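In: no FASTA, just this:
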DNA sequence: TTGCAGGGGTCAA
DNA sequence: TTGACCCCTGCA
């Protein structure tokens, strides 16, 4: 069995996949259930199966702390999963920076194994349009149905890839509604159509420029995308980390734990930018995950 | 068993 | 600034 080192991570081939040593600050349950993604299914304790970017993997934490990637080749690890799992980011440094008071220390400790996934842009856009005024089981169900119906087959699994936006743009609203997306059907079709006409790489490049408010406004031009969904897309597609999505849970935690900060979104943004700056998105994830499970 | 409120918002009036 | 919007779930 071959063994190699990739950017500080020791990668060893094992039957059916790879075992990684030297990955820190990663716990599958924290990363895959913190609300940033909808296509990772728990198959065992600290073991999840997911499909991303046309690839399939079963990712598990082994007892010795090593990370096992089943169904993944060394080439796929270097070419896709390393970046997807955000393995080049130093989470120890981020955690130290954002855990600047007792509340944040507790939130960071609670979600210590969260990594922000660098998800596909189109999949992230459509998934978070579906998330509006919705709940996680239903969002996951709709996304899976969309993949089953219009996605391409993926090697190594019965599950399918998230379809291209060009494909979704051709689907009727009635067909979309059959996947349980409800009134969001027209938003999905319209935004998939508008984005499939645009050059995605150029748009993503544009979204990295300017302030996070400007980037969010750019996305808010598309149907079904308001401020909160725009911020989620920017953060969870790995485009920028200075955004702070404010959903009901974050507003709840801010009101309860930081009553001195006014609960208007603008005031929260000002306080968060001053305090966390370019790491606001990471802070939001720790707070959100903590709030969801403790408040 | 049935009825109702509410959910990781957005949009239009 | 408000209410409608799909529809599933939890709870009384």
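Out: Arrived safely, thanks for sending. No experiment lies behind these values; they were computed from the predicted model shown.
In: Quick check, residue A:173 in contact with residue A:189.
Out: Yes - if you go by Cβ atoms under 8 Å, residue A:173 and residue A:189 touch, sitting 5.6 Å apart. Heads up, the C-betas are built off the backbone N, CA and C, glycines and all.
In: So which of those two has more stuff around it?
Out: The neighbour count for residue A:173 versus residue A:189, taken as other Cβ atoms under 10 Å, is higher for residue A:189 (20 against 15).
In: That one is in what secondary structure piece?
Out: helix A:185-197 (DSSP states H and E).
In: Could you list the contact residues of the stretch 51-200 of chain A toward DNA strand C?
Out: Contact residues, the stretch 51-200 of chain A versus DNA strand C (Cβ under 7 Å from any atom of the strand): A:133, A:134, A:135, A:137, A:138, A:177, A:180, A:182, A:183.
In: For these, pick the one with the most neighbours.
Out: Looking at those with neighbours defined as other Cβ under 10 Å, the largest count falls to residue A:180 at 18 neighbours.
In: excluding its backbone neighbours, what's nearest that residue?
Out: Spatial nearest neighbour of residue A:180, chain neighbours left out: residue A:142 (4.6 Å); criterion: Cβ to Cβ, 6 or more residues apart in numbering.
In: Now for that neighbour: which residues touch it?
Out: Residue A:142 makes contact with A:130, A:179, A:180, A:181, according to Cβ atoms under 8 Å, 6 or more residues apart in numbering.
In: can you tell me the residue of the stretch 151-295 of chain A closest to DNA strand C?
Out: Residue of the stretch 151-295 of chain A nearest DNA strand C, by Cβ to the nearest atom of the strand: residue A:182 (2.7 Å).
In: Just give the closest residue to that residue, not the sequence neighbours.
Out: Sequence neighbours aside, residue A:134 is the residue nearest to residue A:182 in space, at 8.0 Å (criterion: Cβ to Cβ, 6+ apart).
In: Just confirm that neighbour is within a helix.
Out: No - counting by DSSP: H, G, I helix; E, B strand; the rest coil, residue A:134 falls outside a helix, being coil.
In: per-residue confidence for it?
Out: pLDDT for residue A:134: 91.
In: how close does it sit to residue A:142?
Out: Separation of residue A:134 from residue A:142 (Cβ to Cβ, to the nearest Å): 8 Å.
In: Quick one: distance of stretch A:66-86 to the chain centre.
Out: Relative to its chain's centre, stretch A:66-86 lies at 17 Å (Cα atoms, centre = their mean, to the nearest Å).
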